[in-house]
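Colleague: All I have is the shape, not the residue letters:
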């Protein structure tokens with residue numbers, strides 16, 4: 001129910017001003033193309049091409065992910081907008097190993113730049129974020145063991161025009 005309310009709220013804000021977030025882009029700034037790219041020679045199943053936008057809402061916390069797939073390589077943006085906690089925003093890139101996306105999240109939080117290893121498992125058109133034991137070395141956080149994927153960490157695919165304004169950075 002909260003997800004539906006949030007999506008309606010997003011549509012309302014977008015309808016009020018189609019130019020939200022576009023006037024603050026530096027000259028020459030380009031966002032990754034959010035159109036779905038297909039290769040006519042490649043037979044695609046429901047989980048093959050995951051280019052697009054994904055949303056995860058837990059309480060008042062929101063995570064927004066935009067991915068572009070080229071073969072088994074991925075690039076995009078990730079934003080965590082947390083209620084009463086610091087959020088983060090940055091770019092992601094990496095590759096696919098079987099049904100697991102192994103990505104590096106280069107982000108800024110509280111004015112600090114950091115890097116974190118982020119895994120997503122492709123499942124029924126959704127992405128389940130991996131959670132496990134991690135270690136930190138200098139500014140980089142990486143998995144050391146025990147990666148689990150659960151429904152609580154599911155990112156659901158949504159139309160990019162509903163959430164794309166949040167990724168204008």
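Modeller: Ah, there it is. A quick note: this is a predicted structure, and the numbers were derived from the prediction, not measured.

Colleague: Show me the contact partners of the longest strand seen in the chain.
Modeller: Criterion DSSP state E: the longest strand present in the chain is strand 140-158. Applying CB atoms under 8 Å, 6 or more residues apart in numbering, the contact partners of strand 140-158 are 7, 50, 52-56, 58, 63, 65, 114-117, 119-121, 123, 125-136. Backbone N, C-alpha and C define where each C-beta goes, glycine included.

Colleague: Pairing partners for that strand, with directions?
Modeller: Using DSSP bridges, the strands paired with strand 140-158 in its sheet are strand 52-58 (antiparallel), strand 112-123 (parallel), strand 126-137 (antiparallel).

Colleague: thought residue 110 was touching residue 86?
Modeller: Yes: Residue 110 is in contact with residue 86 according to CB atoms under 8 Å; the separation is 5.2 Å.

Colleague: quick one: low-confidence parts of this protein?
Modeller: 1-48, 164-165, 167, 169 (pLDDT under 70).

Colleague: 80 - rerun?
Modeller: 1-49, 84-85, 164-169 (pLDDT under 80).

Colleague: Tell me who's in contact with the closest residue to residue 119 other than its chain neighbours.
Modeller: Counting by CB to CB, 6 or more residues apart in numbering, the nearest residue to residue 119 once its immediate chain neighbours are dropped is residue 130, at 3.4 Å. Neighbouring residues of residue 130 by CB under 8 Å, 6+ apart: 100, 118, 119, 120, 121, 143, 147, 148, 149, 153.

Colleague: picking up where we left off before, any chance of the strands paired with strand 140-158 in JSON lines, plus distance to residue 157?
Modeller: Formatted as JSON lines, the strands paired with strand 140-158 follow (distance: least, CB to CB, whole Å):
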{"stretch": "strand 52-58", "distance to residue 157": "6"}
{"stretch": "strand 112-123", "distance to residue 157": "11"}
{"stretch": "strand 126-137", "distance to residue 157": "7"}
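
Colleague: No more questions from me, cheers.
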